[in-house]
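Student: I'd like to go over a predicted model; first the sequence, then the structure.
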Amino acid sequence: MTYETITVETRGAVTLVTLNRPKALNALNSQVLADLTDAFAAYEADGDQRCLVLTGSGDKAFAAGADIKEMLDKQAADFFLEDFFVGWTADLVKKTRKPWIAAVNGFALGGGCELAMMADFILASDNAKFGQPEIKLGVAPGMGGSQRLTRAVGKSKAMEMCLTGRMMDAEEAERAGLIARIVPAANLLDDAMKTAAAIAAMPPMAAMMNKEMVHMAFETTLDQGLIAERRMFQILVATEDKAEGMAAFVEKREGQWKGR
Ligand code: HXC
């Protein structure tokens, strides 16, 4: 499948999706939304694909935000009636049950930072820069920035970022817990693909349920989350892959997963 604003390729069980508007620093317009939604749905539906990496083309940006030129002439009623960009959270987050990683190379600003934060985790190049500069445009984050950044780095830092629009470098982002790891820029894609391949080699139901459980921590009380976690565990122990995984450990060999 070819797309207008992204490229998609599969390497073994890993899907690599690249935002491909380098001249606009991979700014996110409606077409990117449509293309990404489609590519993620295809990934979700493909039983052979087990992990996905999302990155930006070029060496400067993951994505420098929602496309300001597209938003310039839109009126409030247009944003409301179109429910502008609602599909991101609904489709990329809620409908993607399989794991995916954001490999942030360079700027991840505004909607770009918000898109990265929708991933299960972020790997960032040492020259990555994160920010929610919407306030400088007279607006505010509209795709989860105020909510996900606050949950990721806490109120004080999120508030400072949103109110000043300043950027956070990779070191600060790692210290603050926004990203999982910093990787030298030249190795980012390679590292992200290897990390994704390692996840893709795990028992798939266990990967999906681990993902679901961690996400649940943001949505529930501790008590409810702990109950849900125990139930998921109790489901996983009924899978064939649990029997295989534990037998493989005892027999000192690699597990052969059935995915059920
Ligand atoms: C459209 C963008 C863009 C964007 C960059 N470009 N960001 N186009 N939307 N968000 C374009 C520029 O217009 C320019 O095209 C080209 O990319 C290169 O950008 P430069 O500014 O020349 O590069 P540089 O001087 O290196 O500065 C890089 C930058 C800066 C610091 C990242 O581009 C920047 O501040 N961009 C905007 C960041 C931002 O405000 N993001 C939040 C958007 S609002 P031309 O054709 O002129 O050469 C948002 C809201 C989400 O995301 C909520 C929606 C519901």
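Tutor: Sure thing, it's come through.
Student: what does the stretch 51-200 of the chain put close to the ligand?
Tutor: Within the stretch 51-200 of the chain, the positions near the ligand by CB under 6 Å from any ligand atom are 64-69, 84-85, 107, 109-111, 133-134, 137, 141-143. All C-beta atoms are positioned from the backbone trio N, CA, C, and that covers glycine.
Student: just the buried members of those?
Tutor: 64-67, 84-85, 107, 109-111, 133-134, 141-143 (16 or more other CB atoms under 10 Å).
Student: ok, now which ones touch the nearest residue to Asn29 once chain neighbours are set aside?
Tutor: Closest residue to Asn29 apart from its sequence neighbours, by CB to CB, 6 or more residues apart in numbering: Asp67 at 3.9 Å. By CB atoms under 8 Å, 6 or more residues apart in numbering, the contact set of Asp67 is Ala24, Ala27, Leu28, Asn29, Val32.
Student: I'd like to know which of the residues you listed is nearest to Asp91.
Tutor: Using CB to CB, Val32 is the member of those that lies nearest Asp91, at 12.7 Å.
Student: and that closest one, how many neighbours?
Tutor: 26 (other CB atoms under 10 Å).
Student: ok, it to the ligand distance?
Tutor: 11 Å (CB to the nearest ligand atom, to the nearest Å).
Student: mind listing the helices for the protein?
Tutor: Secondary structure of the chain (DSSP state H): helices located at 30-45, 68-71, 76-82, 86-87, 111-118, 150-153, 155-164, 170-176, 188-200, 204-216, 222-236, 240-250.
Student: what about the nearest residue to Glu44 once chain neighbours are set aside, how many residues nearby?
Tutor: Nearest non-adjacent residue to Glu44, counting by CB to CB, 6+ apart: Thr96, 5.6 Å away. Thr96 has 18 neighbouring residues, counting by other CB under 10 Å.
Student: just the pLDDT for Thr96.
Tutor: Each residue has a pLDDT score; the one for Thr96 is 96.
Student: now do the one 3 residues further on
Tutor: At Pro99, the predicted lDDT confidence score is 98.
Student: so who does it touch?
Tutor: Under the criterion of CB under 8 Å, 6+ apart, the neighbours of Pro99 are Arg50, Cys51, Leu52, Asp120, Ala196, Ile199, Ala207, Met208, Lys211.
Student: Ala206 touches Asp241, doesn't it?
Tutor: Yes. Here Ala206 reaches Asp241: they are 6.6 Å apart, a contact under CB atoms under 8 Å.
Student: anything in contact with each of those two?
Tutor: Counting by CB under 8 Å, 6+ apart, no residue touches both Ala206 and Asp241.
Student: quick one: which of these two has more around it?
Tutor: Asp241 (20 against 17).
Student: so what's the spatially closest residue to the more buried one that is not a sequence neighbour up against?
Tutor: In this structure, Asp241 finds its nearest non-sequential neighbour in Pro203, 3.9 Å apart by CB to CB, 6+ apart. Pro203 is in contact with Thr239, Asp241, Lys242, Glu244, Gly245, Gly255, Trp257, Gly259, counting by CB under 8 Å, 6+ apart.
Student: again, but for Ala196
Tutor: Val14, Cys51, Leu52, Val53, Pro99, Ile101.
Student: what's the neighbour count on Leu81?
Tutor: Neighbour number of Leu81 under other CB under 10 Å is 9.
Student: if I look at it, how far off is Gln75?
Tutor: 9 Å (CB to CB, to the nearest Å).
Student: anything in contact with each of those two?
Tutor: Common neighbours of Leu81 and Gln75 are not found (criterion: CB under 8 Å, 6+ apart).
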